[in-house]
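Student: fold the stuff below for me.
(2 chains)
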Amino acid sequence: MQIRINGSSITVDAPEDMPLLWVLRDLLNLTGTKYGCGMGACGSCTVLLDGEPVRSCITVLADVQDKEILTIEGLSKDNSHPVQQSWLELQVPQCGYCQSGQILSAVALLNETSDPDDEEINAAMSDVLCRCGTYPRIRKAIKHAAKTLRKGEET
Amino acid sequence: MKSFHPDRRKFLKLSSAVMGSGLILGMNWGCSAEDQNPGSSSANSFSPNAWLVIDDKGSVTIFVAESEMGQGPYTLMPMLLAEELEVEWKDIVVKHASLDPAYGYQATGGSASIRKGWSTLREAGAIAREILLQAGAASMQAATAECKAEQGKIIHIASGRKIPYRELVNAAAKLPIPEKARLKELHEFVIIGQSIPRTDIPEKINGKARFGMDIKLPDMLYATITHCPVFGGSIQHVDASRTKKIKGVIDVFEIDEGIVVVASDTWTAFKGKDALEITWNPGKNATLSSSQIADRLKNLPPEQGEITWQEGDSGAILSSGKTIVQADYIQPLQAHIPLETMNCTAHFRDDGKLQIWVPTQSPSKAYETAKLTSQSIIKRGLNKLFGSDDDIEIQTTLLGGGFGRRLKQDFVSQAVQIAQRFKQPVQLVWTREEDVQHDFYHPLTVHKMRGALDKNGLPTAWELLVSGSKISASGISPPPYAIPNTRVMIKNVGEAIPRGPWRSVFAHYNAFAMEHFLDEMAHAGKQDPLDLRIRLLEKHPRLQKALQAAATSAGWPGKAGSSYLGIAAFSSFGSHVAEVVELRRSEKQGLAVHKVTCAIDCGVVINPDIVKQQMEGSIIYALTAALKSKITVRNGQVEQSNFHNYPILKIDETPEMEVIILSNEEEPGGIGEPGVPPLAPALANAVLAATGKPVRELPVNLSAIKL
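Tutor: You can find the predicted model right below:
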């Protein structure tokens, strides 16, 4: 089966009902996407499917054909994406395990909303769990990244 | 500067042959054992377990022996060493030290890393600097007193001539460890005290960071395990026929702890597990329940407690009929649930070597576990591949959260038992359900509290009995308050539910009982909870100051009618923390936590931003515990299984936060755990302020509270 990941077309030999999470991790060695619950309840496995955040642990291979998949590995080559830069600036991660899901959810939010308020951040981010408690910094980093992105549009 | 005499048994300069050319310095410092008590320590051994390598290209590599689970050792430990070494931070490369059992005990827990490394790592840096200074001075034919070390160079002060470290390392490697070296005074620090960005963050934002589950090896197989759902139960019958029909399932077999499915990928292993048809023999815990345990603890007669500390005669005061305040507090079983579930990868290689990759808080314990397991395998004649039981290599990966769970090594034993059947490496991954139901839990505890007040409403006596499983006498320190008649008792009640250290261990449940009960006494005696604490803490000025700082910043005592403040303070792991919880009522949410203000005195601050991170994280971890977490056991099994029925705090439930760091020149204290204990009692005290009713059982459901 052909799928498109991070801008490349890739052939995968896997059953159609295999969750995308395990295709990425176990077949393609794209281990930045994490397993946390297996039931779409924690958000650690979040990837973007045509720009929309989805839980890859409950999204099967058949559902991703003809769609563009973005994983954390494809966000930038050098941590240069404004959301990554903001995460660095505000020193968001602690253990780091959930952060791929946090960052991609934030990217999806900022693609839709250039100046998200607290309610919009809550709506977009509240199902991505972090056990270390990085939430206050995630909120700040999203607002900071939004500012950078808006500046970029103006210039 | 102050001089010190290096302990030559502690520091070991190795020949450059060990790790290529350059100056190599080994060192040793102790690490705490698995169940840490606040303030406890363990003996140092003399084998090195972390390394400094300066090579002749100018790179300075610092090897860190602590496990990175979010608390920042890859930045903090090198900061200590680099401060004395006089190198530029940008030239430092941080690597994780691998484990060699000969190098001493490696374990990360008890908020101990900085406290253990504070002297030793700075001394290690100072010794290396001193040796380089000697080499540089000799090379310039000058006395060491005429030279100084600065930014990776030895400088001849009068002439300004400079030699970079990289040109001196081979000469330095031939010099002995000096008799004497100097440590900087606090005001001379240029690295310590700075919010230096964490070295581990760049790889944690692009998917490159390697956690245990991210180990990928050629031909690797994937395994998962089903434990008997009833604690202590066993397998009666397994029908694996459905599992074996699944394409990609390679094998199904029993090990000591349960049934294992091995497959070509993790998903297939999980599917295979779900398809197993198992009849369990529940054994002697078939009717065990957490509510029965709670009832048993509640009904314990106080005289059954073992007195661990007392002053005055609380018994006489409490039986004299003065104003008595009484409370029983129940705190539930809790799971750790780090986001990365338990996992371990093991490979019995053709040459007889056992290689293990594991996210563990204790590589040393992982080694011991692997060794015991492999010895048992050899005894039972099961080994087909194993060479010698000493030929074990442990590689510690990043940890996707620890919180005490990864001080236990059950998953290592399992991975060894599984891998010994295969030529290929095998990665064992637990499902979240197994992780929630087979944890080593925060214990269920009951505190029985009694206190007496004098005619002015001031406490004259209090008694505390804490009961539960594995309640340790060393885990409860005397209350800091100057109440003249005080008695502390414990009662250890054995039960079959596995228990283990959970972020802040004993401090968590004891702080809740002591600090909430103090407010109950203040409430009964019509005292302001802050004033009463300040009055009773004259001998604890650091805790007093933390209380005052948090209270002032939070606007104590708040505005009546719109917000309700609760305050609590607790000293643990060498640090002193006060927290104020502000509850507000809204039409939409009812009562909710609006803000938490935290003041921490952790002595000398190594990296302020990492202290702040740890306080933010501790507050959220403790809020999850106080508002949500309760593991219940029925018919011998845990009733919760995943985040849908064992939820943790989300971003939209996270209050505003303010962290105040009180800097001073005291020895550094821990930061990973001390922020946890004051939160639950501060929350309960805010509920008491809002409603006049105490919180006798955790977790507390704020939305059910009517004002």
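
Student: give me the domain ranges for the chain.
Tutor: Because you didn't say which chain, this covers chain A. Listed domain ranges for chain A are A:2-74, A:82-154 (source: automatic domain parsing).

Student: meant chain B, my bad for not saying
Tutor: B:2-204, B:212-283+B:342-429, B:290-334+B:441-704.

Student: distance between the ends of the first one?
Tutor: The one in question is domain B:2-204. Its start and end residues considered, domain B:2-204 measures 39 Å (Cα to Cα, to the nearest Å).

Student: off-centre distance for that domain?
Tutor: 24 Å (Cα atoms, centre = their mean, to the nearest Å).

Student: can you tell me if it touches chain A.
Tutor: Yes: applying Cβ under 8 Å from any Cβ of the partner chain, one finds domain B:2-204 touching chain A at B:Glu68, B:Met69, B:Gly70, B:Gln71, B:Gly72, B:Pro197, B:Arg198, B:Asp200, B:Ile201, B:Pro202, B:Glu203, B:Lys204. (C-beta placed from N, C-alpha, C; glycine too.)

Student: just give the closest residue to whichever residue of chain A sits closest to chain B, not the sequence neighbours.
Tutor: Distance from chain B to each residue of chain A (Cβ to the nearest Cβ) is smallest for A:Gly32, at 2.0 Å. What sits nearest to A:Gly32 in space, not counting adjacent residues and going by Cβ to Cβ, 6 or more residues apart in numbering or on different chains, is B:Gly207, at 2.0 Å.

Student: mind listing what the one you found touches?
Tutor: A:Leu30, A:Thr31, A:Gly32, A:Thr33, A:Thr71, A:Ile72, A:Glu73, A:Ser100 (Cβ atoms under 8 Å, 6 or more residues apart in numbering or on different chains).

Student: which positions in stretch B:248-255 come out as buried?
Tutor: For stretch B:248-255, burial by neighbour count (16 or more other Cβ atoms under 10 Å in any protein chain shown) applies to B:Gly248, B:Val249, B:Ile250, B:Asp251, B:Val252, B:Ile255.

Student: can you report phi and psi for the residue of chain B at minimum distance from chain A?
Tutor: Here chain B gets closest to chain A at one residue, B:Gly207, 2.0 Å apart by Cβ to the nearest Cβ. Taking degrees, to the nearest 10, you get phi 80, psi 0 for the backbone angles of B:Gly207.

Student: and if you look at B:Pro73?
Tutor: The phi/psi pair for B:Pro73 (degrees, to the nearest 10) is phi -60, psi -30.

Student: grab the nearest non-local neighbour of it.
Tutor: B:Glu66 (3.7 Å).

Student: that neighbour against B:Thr75, yeah?
Tutor: No: applying Cβ atoms under 8 Å as the test, B:Glu66 and B:Thr75 come out as separate, 10.9 Å apart.

Student: more neighbours: which of these two?
Tutor: Per other Cβ atoms under 10 Å in any protein chain shown, whichever of B:Glu66 and B:Thr75 has more neighbours is B:Glu66, with 27 against 24.

Student: so the more buried one is in which element?
Tutor: Using DSSP states H and E, B:Glu66 sits within no helix or strand.

Student: who touches it in this structure?
Tutor: Contacts of B:Glu66 by Cβ under 8 Å, 6+ apart are B:Pro73, B:Met77, B:Gln106, B:Thr108, B:Ser113.

Student: right, and the pair among the residues you listed with maximum separation?
Tutor: For the contacts of B:Glu66, the maximum inter-member distance is 12.6 Å, found between B:Met77 and B:Gln106 (Cβ to Cβ).

Student: highest mean neighbour count out of the domains of chain A?
Tutor: domain A:82-154 (a mean of 21; mean count of other Cβ atoms under 10 Å in any protein chain shown).

Student: tell me the gap between that domain and the middle of its chain.
Tutor: For domain A:82-154, the distance to the chain centre is 10 Å (Cα atoms, centre = their mean).

Student: and what of stretch A:74-87?
Tutor: Per Cα atoms, centre = their mean, the centroid offset for stretch A:74-87 relative to its chain is 12 Å.

Student: cool, stretch B:615-625 as well?
Tutor: With Cα atoms, centre = their mean, you get 13 Å for stretch B:615-625.

Student: state the mean pLDDT of that stretch.
Tutor: The average pLDDT within stretch B:615-625 is 98.

Student: could you do stretch B:572-590 as well?
Tutor: 92.

Student: what are the boundaries of the helices in chain A?
Tutor: A:20-22, A:82-89, A:99-112, A:118-125, A:135-154 (DSSP state H).

Student: then the stretch 251-400 of chain B?
Tutor: Applying DSSP state H, counting those that start in this stretch to the stretch 251-400 of chain B gives helices spanning B:266-274, B:290-298, B:314-318, B:363-379.

Student: make a markdown table from those helices and add distance to B:Ser575, mean pLDDT and mean neighbour count to it.
Tutor: Shown next, in a markdown table, are those (distance: least, Cβ to Cβ, whole Å; pLDDT from 0 to 100; neighbours: other Cβ atoms under 10 Å in any protein chain shown):
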| stretch | distance to B:Ser575 | mean pLDDT | mean neighbour count |
| --- | --- | --- | --- |
| helix B:266-274 | 40 | 98 | 24 |
| helix B:290-298 | 30 | 95 | 16 |
| helix B:314-318 | 29 | 91 | 19 |
| helix B:363-379 | 25 | 90 | 20 |
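
Student: now those helices as TSV including distance to B:Tyr646?
Tutor: Formatted as TSV, the helices of the stretch 251-400 of chain B follow (distance: least, Cβ to Cβ, whole Å):
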stretch	distance to B:Tyr646
helix B:266-274	19
helix B:290-298	14
helix B:314-318	39
helix B:363-379	26
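
Student: go through the ones you listed and name the closest to B:Asp350.
Tutor: helix B:363-379 (16.0 Å).

Student: from the chain's centroid, how far away is the closest one?
Tutor: The answer for helix B:363-379 is 24 Å, by Cα atoms, centre = their mean.

Student: and if you look at stretch B:485-505?
Tutor: Taking mean C-alpha positions (Cα atoms, centre = their mean), stretch B:485-505 and its chain are 17 Å apart.

Student: repeat for stretch B:224-239
Tutor: With Cα atoms, centre = their mean, you get 30 Å for stretch B:224-239.

Student: touching chain A at all, that stretch?
Tutor: No: Stretch B:224-239 does not reach chain A (Cβ under 8 Å from any Cβ); its nearest approach is 10.8 Å.

Student: which helix or strand in the chain has the lowest average pLDDT?
Tutor: Assuming you mean chain A. One helix or strand of chain A scores below all others by mean pLDDT, DSSP states H and E: helix A:135-154, with a mean of 94.

Student: try chain B instead
Tutor: strand B:12-14 (a mean of 55).

Student: show me the contacts for residue 58.
Tutor: This is for chain A. A:Pro19, A:Gly38, A:Met39, A:Gly40.

Student: right idea, wrong chain: chain B
Tutor: B:Asp91, B:Gly152, B:Pro164, B:Tyr165, B:Arg166.

Student: tell me the phi and psi of it?
Tutor: Torsion angles, degrees, to the nearest 10, at B:Gly58: phi 100, psi 0.

Student: do B:Thr624 as well
Tutor: Residue torsions, per degrees, to the nearest 10, at B:Thr624 are phi -50, psi -50.

Student: what of B:Ile114?
Tutor: phi -70, psi -40.

Student: which SS state does B:Val466 fall under?
Tutor: strand (DSSP: H, G, I helix; E, B strand; the rest coil).

Student: number of nearby residues for it?
Tutor: 28.

Student: so how far is B:Gln292 from it?
Tutor: For B:Val466, the distance to B:Gln292 equals 19 Å [Cβ to Cβ, to the nearest Å].

Student: next: B:Ser374.
Tutor: From B:Ser374 to B:Gln292 the distance is 39 Å (Cβ to Cβ).

Student: stretch B:414-429 vs chain A: in contact?
Tutor: Yes: Stretch B:414-429 comes into contact with chain A (Cβ under 8 Å from any Cβ), by way of B:Val429.

Student: list the buried residues for that stretch?
Tutor: B:414-422, B:425-429.
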